[in-house]
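**Q** Have a look at this prediction, sequence included:
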Amino acid sequence: MAGRAAALDAADELAALRDLFVLDEETTYLDGNSLGALPRHVPDRVRDVITRQWGRLRIRSWTEGGWWTAPERIGDRIAPLVGAGPGRIVVGDSTSVNIFKALVGAVRLLDPADPARDEILVDATTFPTDGYIAASAARMTGLPVVPVDPDLLLGSLGPRTAVVLLNHVDFRTGRLHDLPAITAAAHEAGALVVWDLCHSAGALPVGLDAHGVDLAVGCTYKYLNGGPGAPAFLYVAERHQPRFDSPLPGWNSHADPFAMDGEYAPADGAVRGRVGTPDILSMLALEAALDVWDGVRLDAVREKSLALTDFFLECVEAYAPKGRVDSLTPAAHAERGSQVALRCARAPAVMEALIARGIVGDLRRPDVLRFGFTPLYTGFADAERAAWVLGAVLREVPPGPV
Ligand SMILES: *Cc1c(COP(=O)(O)O)cnc(C)c1O
């Protein structure tokens, strides 16, 4: 297995990108699906933002330094990574806040004359924040949330469906949902879809424009390596922009913010998704971090991601004592994101032991070990080493109650 890992690494067209990141030899970092690693050039860029732009130019940076237009400029940098044309993505606020804007905005895009369309379908296995926000959006809009198992979603769509909120990749299992087919089926049923791309943006091609997605949100601190708490993004399809009515219309989304007008008039385009003053330090750290994508083919990222997760699963099969772990991540490539989730008895003790030995994955209680594979900086030798150490740890931590 170690020999095969070396051969796979030698043939990897993305291998050189690893040097763009701050990583250490003692650690095998498999948690880029929670917090992407730091690109090497980011500290100097952030230092410049603080010392020169803030320290010396001060207020002038809003115009001369391009601070004011950063949310849409950085949105346009993310756009090609998720298959969106320019002018459709704006960066700012957290994913949670953007889910709120997208969901309420989607309900407001529907024809108000159709009171029969009164349900918001939400992935029953969703990341909790998506569910909490959907429940609040439901109370505000008067449309109840109906939790649905994503496997049964197509059968749940109907004349009562107003909006569907789904995760492209399930955060727990790493399961990839069929965005083109689900989007088409929802449209067929007369509904709109909001996709949460937290675990797919930067991990695989998404094709937002090509598949006619209505609205989408995504995280930038996972596979996009934007840094802890980096601002999220909001996508609004071009055809919906003229009617997109944000539930958080701050002065930054006004058509003429510095008119300081008492009446709200929305700006054109994705800028409508802005709210208040952007978080410039985080935002410009993200902008710098996006440089690592220059010249990277997303198809190559996807191919490597699948090869890495296949190889890791094969190594786990070879090294782990029989029956001790069970993969929750689908074997079929068409249903797999860029992580592997293993169900394991005594998972908390196992993950603690793995981290103590430099294999950094994470735990989703009660019994899931998650390993994220970021193709830009994770190699096949990392996958082999992680599986080997996992095998050793499983021999030391006897099975038993969770
Ligand atoms: C990571 C993640 C979030 C995070 O939301 P924040 O507002 O950034 O804390 C939300 N939804 C999903 C599906 C995620 O994976």
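**A** It's in.

**Q** Quick check, Glu13 in contact with Asp299.
**A** No - at 10.7 Å, Glu13 does not count as touching Asp299 under the criterion of Cβ atoms under 8 Å. Bear in mind the C-beta positions are built from the backbone N, C-alpha and C, glycine included.

**Q** list the helices and strands the lengthiest helix in the chain packs on?
**A** Scanning the chain for the helix with the most residues, using DSSP state H, yields helix 298-319. Other elements packing on helix 298-319 under the criterion 3 or more Cβ pairs under 8 Å, 6 or more residues apart in numbering; DSSP states H and E are helix 2-10, strand 325-327, strand 339-344, helix 380-396.

**Q** Recalculate using a threshold of 6 Å.
**A** helix 380-396 (3 or more Cβ pairs under 6 Å, 6 or more residues apart in numbering; DSSP states H and E).

**Q** all helices for the chain, in order.
**A** Per DSSP H, the chain carries helices over the ranges 2-10, 42-48, 70-78, 95-109, 128-141, 153-156, 179-188, 280-289, 298-319, 347-356, 380-396.

**Q** ok, back up a step: and the angle for the longest helix of the chain with helix 380-396?
**A** If you take axes from the mean of the first three to the mean of the last three Cα atoms, to 10 degrees, helix 298-319 sits at 30 degrees to helix 380-396.

**Q** contacts for helix 298-319?
**A** 1, 13-14, 204-205, 333, 338, 340, 373, 375, 380, 383-384, 387-388, 391 (Cβ atoms under 6 Å, 6 or more residues apart in numbering).

**Q** rewinding a little: Pro249: which of the helices of the chain is closest?
**A** Judged by Cβ to Cβ, the one of those that comes nearest to Pro249 is helix 95-109, at 9.7 Å.

**Q** Now the longest helix of the chain: buried residues?
**A** Residues 298, 301-309, 311-313, 315-316, 319 are the ones in helix 298-319 that count as buried (16 or more other Cβ atoms under 10 Å).

**Q** out of the contacts of helix 298-319, who's nearest the ligand?
**A** Ser338 (12.4 Å; Cβ to the nearest ligand atom).

**Q** What number of residues are in the vicinity of the residue nearest to the closest one when sequence neighbours are not counted?
**A** Using Cβ to Cβ, 6 or more residues apart in numbering and skipping the chain neighbours, the partner closest in space to Ser338 is Ala203 (3.9 Å). Close neighbours of Ala203, defined as other Cβ atoms under 10 Å, add up to 31.

**Q** isn't Ala203 right next to Tyr223, touching?
**A** Yes - Ala203 lies in contact with Tyr223 (Cβ atoms under 6 Å); the separation is 4.4 Å.

**Q** Number of residues surrounding the closest residue in space to Gly32 that isn't next to it in sequence?
**A** Closest residue to Gly32 apart from its sequence neighbours, by Cβ to Cβ, 6+ apart: Thr374 at 3.4 Å. Close neighbours of Thr374, defined as other Cβ under 10 Å, add up to 29.

**Q** Over to the one 10 residues further on?
**A** Other residues near Glu384 come to 25 when the count uses other Cβ under 10 Å.

**Q** pretty sure it is in contact with Met1, am I right?
**A** Yes - between Glu384 and Met1 there is a contact under Cβ under 6 Å: 5.3 Å.

**Q** circling back to that earlier point, quick one: which of the buried residues of helix 298-319 is nearest Gly158?
**A** For these, the nearest to Gly158 is Arg302 (33.2 Å; Cβ to Cβ).

**Q** Would you state the predicted confidence (pLDDT) at the closest one?
**A** As predicted, Arg302 sits at a pLDDT of 98.

**Q** what does Asp111 give?
**A** What the model reports for Asp111 is a pLDDT of 70.

**Q** low-scoring pLDDT stretches of the protein, where are they?
**A** 112-113, 401-402 (pLDDT under 70).

**Q** tell me the domain ranges of it?
**A** As given by automatic domain parsing, the domain ranges for the chain are 2-40+297-396, 68-277.

**Q** any bit of the last one sitting next to the ligand?
**A** Yes - for domain 68-277 and the ligand, the contact criterion (Cβ under 6 Å from any ligand atom) is met by 94-96, 127, 129-130, 167, 171, 196, 198-199, 219, 232.

**Q** any chance of those in JSON lines, plus distance to Arg324 and neighbour count?
**A** Listed next are these as JSON lines, based on distance: Cβ to Cβ, whole Å; neighbours: other Cβ atoms under 10 Å:
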{"residue": "Ser94", "distance to Arg324": "37", "neighbour count": "17"}
{"residue": "Thr95", "distance to Arg324": "34", "neighbour count": "24"}
{"residue": "Ser96", "distance to Arg324": "36", "neighbour count": "15"}
{"residue": "Phe127", "distance to Arg324": "27", "neighbour count": "19"}
{"residue": "Thr129", "distance to Arg324": "32", "neighbour count": "16"}
{"residue": "Asp130", "distance to Arg324": "32", "neighbour count": "23"}
{"residue": "Asn167", "distance to Arg324": "28", "neighbour count": "24"}
{"residue": "Phe171", "distance to Arg324": "23", "neighbour count": "23"}
{"residue": "Asp196", "distance to Arg324": "32", "neighbour count": "27"}
{"residue": "Cys198", "distance to Arg324": "29", "neighbour count": "25"}
{"residue": "His199", "distance to Arg324": "26", "neighbour count": "28"}
{"residue": "Cys219", "distance to Arg324": "32", "neighbour count": "26"}
{"residue": "Ala232", "distance to Arg324": "37", "neighbour count": "26"}
